[in-house]
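*Asks:* Pasting a predicted model and its sequence here:
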Amino acid sequence: MPEWIAACATDDIDTEDVIRFDHGTQTFAIYRSPEDRFYATAGMCTHEHTCLADGLVMGDIIECPKHNGRFNYKTGQGKGAPIIDNLKTYPVKVEGGTVFIEA
Amino acid sequence: MPAIGHKRDYSLVGADTAAAIASGLAAAEWYHTEIPRKQMKELMQRSDGPALRDTALWLALIGGFAAGGIWLWGSWWAVPFFAAYGVLYGSSSDSRWHECGHGTAFKTQWMNKVVYQIACFMIMRNPTVWRWSHARHHTDTIIVGRDAEISVMRPPDLIRVVLAFVGVLDAWHATTGMLRYSFGSINAEEKSFIPAMEQARVFTVARIWLALYVAVIALAVVTRSWLPIVLVGTPRLYGAWHMVMCGLLQHGGLADNVTDHRLNSRTVLMNPVSRFIYWNMNYHIEHHMFPMVPYHALPRLHALIKDDLPAPNRSILEGYREMVPAFLRQLRYEDYFVKRALPPTAKPYREELHVLDLGGAPQAAE
């Protein structure tokens, strides 16, 4: 059953940036958009095993640091080669300055 | 250091492919110099300005030299114009293909895509095939049996190396590949790195290109002039030398089957003209460690991490003085490679990891 997990404090992430969050055996990427909203996706690129939190956030896009594959981190949609598979996204809520993801 | 103890099999579906996967060399974790996130973000920032400026200049120079060559066609005065045009067409297109393929040259993605398609046509590289082969090159840089873009295999075939300067073999392979793709055929090696859903794009572009080349040849026949062919296609031959001169230095004579770009890639300081043609790919260790950094930020990245890297070669000539003797030694002993010393400030090479990866004995090679 999915549960809400406290991932980080809102202040842990700069605006238009991403951080890595590990929970159990899973790795997530937590984003703070330019509009100051929070999002979460799987932490590893679907192309190859690369941590997306080392990549670059540009607007709605996260770019993988290894092969420059791009996803819309709000929807998980891949934006073309070398991305074939979309990225899994997770519901997010913010309460009391803490970012929770449902995973 | 790397000694594989047998004849290398560069096929992407051969014995060394299986060995690289089994040993963990394929899709491995690679060494990176530590850079604080804040600085890394600054270096990764995209901008349209530098690439718009450089592309406008590039296209203007191509147009200007082509116009001069056409104007002077029939006289020897046309030769220097076509010599310059050829380099801008047959060499600069390599770096534009590369940077726009990474999607880092421009901030605006459609600009990367447009220049990528133009550059691919000029350099005669199918846009889909080479996008995927280059992804593999970054995953498995100079891993035998995995990397689709190893330009000098061991033992080096020096005749092929020399012929590369006039693009003969590249153009032959590109032409036969274009014909093959236009008939809807890709081979087993290409299938190993191009996903099935992408393969239709390979065929479509090949057919468009074939039609363009047929049109150029038809124009030459109708006008009874070599000029159309000198302007389109053949610059990939007579203008390739600068691309090859710089490109060989990227990995030539260095280690294979390692997971540290400091061992298998080379940074060479170059003159501003070559850096314009080459779009700063002379900072090659830096590029492989951090492919997200746009070409125009590579000098800043170099300044930031140079204390963790081998000293760069100070010129193209110095690079060749290091690389060519290595090629000659590899003719007799193909496990030989140049291992550059690290400065005292650098994190040492992980010798044990590379020996372990290869399952072989350490091999002195300085």
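*Replies:* Alright, I've got the coordinates.
*Asks:* Isn't B:Leu349 up against B:Leu263?
*Replies:* Careful, residue B:349 is Tyr and not Leu. Yes: with contact defined as CB atoms under 8 Å, B:Tyr349 reaches B:Leu263; the gap is 6.2 Å. Heads up, the C-betas are built off the backbone N, CA and C, glycines and all.
*Asks:* okay, the two: which has more neighbours?
*Replies:* Using other CB atoms under 10 Å in any protein chain shown as the criterion, B:Tyr349 and B:Leu263 rank with B:Leu263 on top: 26 against 19.
*Asks:* Give me the residues contacting whichever strand or helix holds the more buried one.
*Replies:* Secondary structure from DSSP states H and E places B:Leu263 in helix B:261-264. The contact list for helix B:261-264, computed with CB atoms under 8 Å, 6 or more residues apart in numbering or on different chains, reads B:1, B:30-31, B:141-142, B:251, B:254-256, B:258, B:285, B:288-289, B:308-310, B:339-340, B:342, B:346, B:349, B:354.
*Asks:* For A:Asp54, see how far away the closest residue to chain A within the stretch 151-300 of chain B is.
*Replies:* The minimum distance from the stretch 151-300 of chain B to chain A, using CB to the nearest CB, falls at B:Met292 (5.1 Å). Plainly put, B:Met292 is 8 Å away from A:Asp54 if you go by CB to CB, to the nearest Å.
*Asks:* Can you pick out the residue with more neighbours from these two?
*Replies:* Set B:Met292 next to A:Asp54 and count neighbours by other CB under 10 Å: B:Met292 wins out with 24 against 18.
*Asks:* residue contacts, the more buried one?
*Replies:* A:55-56, A:63, A:65, A:68, B:44, B:104.
*Asks:* go on, B:Arg180?
*Replies:* Contacts of B:Arg180 (CB under 8 Å, 6+ apart): B:186-187, B:206.
*Asks:* Considering the residues you listed, which possesses the most neighbours?
*Replies:* Top of the contacts of B:Arg180 by neighbour count (other CB under 10 Å): B:Ala206, with 24 neighbours.
*Asks:* Find the residue closest to that one in space, skipping its chain neighbours.
*Replies:* Excluding the flanking residues, the one nearest B:Ala206 by CB to CB, 6 or more residues apart in numbering or on different chains is B:Tyr181, at 3.5 Å.
*Asks:* Against A:Pro82, how distant is that neighbour?
*Replies:* Relative to A:Pro82, and taking CB to CB, B:Tyr181 is found at 19 Å.
*Asks:* again, but for B:Pro36
*Replies:* Distance from B:Pro36 to A:Pro82, by CB to CB: 28 Å.
*Asks:* just B:Arg125 next, same as before
*Replies:* 16 Å.
*Asks:* now B:Trp132
*Replies:* 7 Å.
*Asks:* before we move on, what about B:Ser133?
*Replies:* Taking CB to CB, one finds B:Ser133 at 11 Å from A:Pro82.
*Asks:* Give me the more crowded residue out of these two.
*Replies:* Ranked by neighbour count (other CB under 10 Å), B:Ser133 and A:Pro82 place A:Pro82 first, with 25 against 19.
*Asks:* contacting residues around the more buried one?
*Replies:* A:47, A:67, A:69, B:131-132, B:135.
*Asks:* quick one: which of the residues you listed sit in helices?
*Replies:* B:131-132, B:135 (DSSP state H).
*Asks:* hang on, B:Trp209 packs against B:Ile123?
*Replies:* No: using CB under 8 Å, B:Trp209 makes no contact with B:Ile123, being 11.7 Å away.
*Asks:* Looking at the two, which one has more neighbours?
*Replies:* B:Ile123 (25 against 20).
*Asks:* Excluding chain neighbours, what is closest to that one?
*Replies:* B:Ser93 (4.2 Å).
*Asks:* can you count the residues close to the one you found?
*Replies:* There are 28 residues near B:Ser93, going by other CB under 10 Å.
*Asks:* Determine how far the helix or strand where it lies lies from the middle of the whole chain.
*Replies:* In the assignment (DSSP H and E), B:Ser93 maps to helix B:92-102. Its chain's average C-alpha position is 9 Å from that of helix B:92-102, according to CA atoms, centre = their mean, to the nearest Å.
*Asks:* Let me see the mean pLDDT of it.
*Replies:* In this model, helix B:92-102 has a mean pLDDT of 96.
*Asks:* got a list of contacts for stretch B:234-247?
*Replies:* Contacts for stretch B:234-247 (CB under 8 Å, 6+ apart): B:82-83, B:85-91, B:94-95, B:122-124, B:151, B:164-168, B:170-171, B:174, B:268, B:270, B:274, B:277-278, B:281-282, B:316.
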